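1. Take a look and give me a structure for this.
(2 chains)
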Amino acid sequence: MIQASPLPQSRAQMTAARRARVRKTVGLALRYALLLLILVFAVFPFVWTLAIAVTDKTVTGGASIYDFPASLIPKKVTLNNFVQVYQTFSLGKYVWNSVVITGLTVVGTLLISALAAYPLARFQFPGKQIIFSLIVLTLVLPNETNFIVNTLTLNKLKLLGTHLGVVIPTIAGAFGIFLMRQAFLAVPKALLEAARLDGASEWTILTRIMLPLTKPSMAALGIFTLVTTWNAYFWPSLVLTAAPDLAPLSVAVLKLKGQFNYDPFNIAAGSLIMMLPVLLVFLFAQRYFMRGLEGAVK
Amino acid sequence: MIQSSGPRPTGRRIRAGLRDTLLSYAFLAPALVLLAVFTFYPLGYGAYLGFTKYTGAQFAQGLGPQFIGLENFKALIADPLFWTGLKNSLKYLLIVPILQFASLAVAVLVNRNLPGMAFFRGAYYVPVVTSISLAAVMWEWVYNKEGTLNWILGALHLLPQGGAFGWLNNEHTALYAILLVTFWRGFGYYMVLYIAGLQSIPEELEEAAVLDGANRWQRFWGITVPMMRPTILLCTLLSTIAAIRALEEVLVLTNGGPLNSTYTALMYVYSKAFQGFNFDYGLASAAGLVVAAVALALSLLNFRFFRSDVEES
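-> Here you go, the predicted model:
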């Protein structure tokens, strides 16, 4: 190694500086190596699923998806698996079910949360403390048996085995009400007083002032609800046990595994179709997502 | 609720107050009705059901539950399957310290201002937004007899000749295999919470410690961990409750098997209520109450543990 420094330095100083630099570089390299290792752990299943999903299964020569590392690099890339899974498993039906359930849940959650949060953030009224405490309480109460009673209730309401039955019990939650209340509290009071002096009704204030000003929070809550609802498994599978045709993709995809011949290529394709909307939303709205999470902690 | 200062209420003020109250309740009504029907009613009724005999047959005939006192709890104590479930749920708690330490460490790693950190953070969060069904599909391929895990172990010469086996089909490994999936889906979530906590630590503190010659490890234990105590408590609490309530992972990956080695306490609640030929809502509710009590006790224990920790220092 040649010392490039033009300044005269003592030998001891030089080696000390060089050693520090080397240690720093090695430390940095180790740090990135570790990060890459964790990255592989986090995303490997997706990469593999993607590789299987786009593999042309007619030219693998009978090799299975387990031939490592060959199965990670498809011999021939095709979109046939997607077409096939769409047709043979009537995937379109399940995608539609997912869209309906998720859409209703997102709209319902936003509506209910915004409505409930507005008076909690802006008005003084008798019973406010009690109501607020009750909502806080739902976060810590042991709800292990709720799903049993809720299915019985839905049965009595003739909502068991319907999309509404999946949606309605989930749309009023402390998380959404809290998030919106925080957002409403941050809107300057003067703005509302000015609107009131102009004779605006509370409904107008909510829809024309509050909601437009709290769009980021609404977006965060909407995205959060979208992802959790799209991915939800247990509750929809329970409510729709007797109506498998109404099941969302998250429930159906596991049934596909048992149905017909076990075809990993098609299952990989179907799984990716399930993941795609969530992944896109996540990529575009990462910031809102993290903010929503932090908002929930504060 | 009572306005502390200001003029005495006049007629107009009272009318405005009444109007505010009515409006408030109108806005709150949808949420309150839904919470009452689907959160509070099931809490109370579910607890009551634990002390009754109430089966699917009774429900189908329109018959109500029959109060039987502690019979369900006696039946639970006598049922070895319930004990298996409880034991597995407690084993599931193993994930909590591992998950918390790892996600805090990863948070510290990606919190530094270095190129590419935003990318790593985003990528680590992807498993969190993965549905359990998709995770089940992918991880079954990993755990398969011919799957990735065996291949990696084979490549590293860690697997004896002919030692390949299905990790989810073996009663000694299935639970731990599921724990790894829980870990995989969880570490990004706690990482984000920890990052939020890390960013609230004042930088001067870290800088002062550097000047004092504290090395990285000393700073981690001396500054990061104590400053992060509230976040660590919250995350530990969240993951403890999640672990004791584990159901979905087990349901989709092994359905409690093999040989009930992954049968958790909440799995018992679910299967008594909805699997088999005679749904037993009473017994299932009683089991739910026990699980709830255990979860509550563990939460209190967590609080205790962290508080005594504070007092010591």
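2. Does at least one residue of the host helix or strand of B:Ile178 sit close to chain A?
-> Assigned by DSSP states H and E, B:Ile178 falls within helix B:174-198. Yes. With CB under 8 Å from any CB of the partner chain as the measure, helix B:174-198 is seen reaching chain A through B:Trp184, B:Gly188, B:Tyr189, B:Val192, B:Leu193, B:Ala196. Backbone N, C-alpha and C define where each C-beta goes, glycine included.
3. I'd like to know which of those residues is nearest to B:Ile244.
-> Closest approach to B:Ile244 among the residues of helix B:174-198 next to chain A (CB to CB): B:Tyr189, at 17.2 Å.
4. looking at it, that closest one is touching B:Thr130, isn't it?
-> No. Using CB atoms under 8 Å as the test, B:Tyr189 is too far from B:Thr130 to be in contact (11.3 Å).
5. Tell me which other helices or strands the lengthiest helix in chain A touches.
-> With secondary structure taken from DSSP state H, chain A has its longest helix at helix A:11-53. Using 3 or more CB pairs under 8 Å, 6 or more residues apart in numbering or on different chains; DSSP states H and E, the elements in contact with helix A:11-53 are helix A:264-297, helix B:95-111, helix B:117-125, helix B:132-143, helix B:174-198.
6. Could you say which of these is packed most deeply?
-> Ranked by mean neighbour count under mean count of other CB atoms under 10 Å in any protein chain shown, the helices and strands packed on helix A:11-53 are led by helix B:132-143, which reaches a mean of 23.
7. Put the alpha carbons of it into CSV.
-> The C-alpha trace of helix B:132-143 is given here as CSV (Å, rounded to 0.1, in the frame of the first residue of the first chain):
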residue,chain,number,x,y,z
ILE,B,132,-51.2,-15.7,6.4
SER,B,133,-52.5,-17.8,3.5
LEU,B,134,-49.8,-16.6,1.2
ALA,B,135,-47.2,-17.2,3.9
ALA,B,136,-48.6,-20.7,4.4
VAL,B,137,-48.2,-21.5,0.7
MET,B,138,-44.7,-20.2,0.5
TRP,B,139,-43.4,-21.6,3.8
GLU,B,140,-44.7,-25.0,3.1
TRP,B,141,-42.4,-25.1,0.1
VAL,B,142,-39.5,-24.0,2.4
TYR,B,143,-40.3,-26.7,5.0
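8. Any buried residues in stretch A:215-228, and which?
-> Across stretch A:215-228, burial judged by 16 or more other CB atoms under 10 Å in any protein chain shown covers A:Ser217, A:Met218, A:Ala219, A:Ala220, A:Leu221, A:Gly222, A:Ile223, A:Phe224, A:Thr225, A:Leu226, A:Val227, A:Thr228.
9. Break chain A into its domains for me.
-> Domain segmentation of chain A under automatic domain parsing yields A:7-72, A:89-297.
10. starting at the chain centroid, how far to the last one?
-> Centroid displacement of domain A:89-297 relative to its chain, using CA atoms, centre = their mean, to the nearest Å, is 11 Å.
11. With the first one instead?
-> Mean-position distance between domain A:7-72 and its chain equals 27 Å (CA atoms, centre = their mean).
12. could you dump the helices and strands packed on helix A:11-53 to CSV with distance to A:Leu104?
-> What follows is the helices and strands packed on helix A:11-53, written out as CSV (distance: least, CB to CB, whole Å):
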stretch, distance to A:Leu104
helix A:264-297, 16
helix B:95-111, 33
helix B:117-125, 26
helix B:132-143, 20
helix B:174-198, 26
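13. can I get the ones you listed in JSON lines with mean pLDDT?
-> Formatted as JSON lines, the helices and strands packed on helix A:11-53 follow (pLDDT from 0 to 100):
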{"stretch": "helix A:264-297", "mean pLDDT": "78"}
{"stretch": "helix B:95-111", "mean pLDDT": "94"}
{"stretch": "helix B:117-125", "mean pLDDT": "91"}
{"stretch": "helix B:132-143", "mean pLDDT": "90"}
{"stretch": "helix B:174-198", "mean pLDDT": "94"}
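14. what about those, which gets the closest to B:Phe40?
-> Minimum separation from B:Phe40 across the helices and strands packed on helix A:11-53 (CB to CB) falls at helix A:264-297, 21.6 Å.
15. Nearest residue to the middle of chain B?
-> Nearest to the mean C-alpha position of chain B, by CA atoms, centre = their mean, lies B:Ala242 at 1.3 Å.
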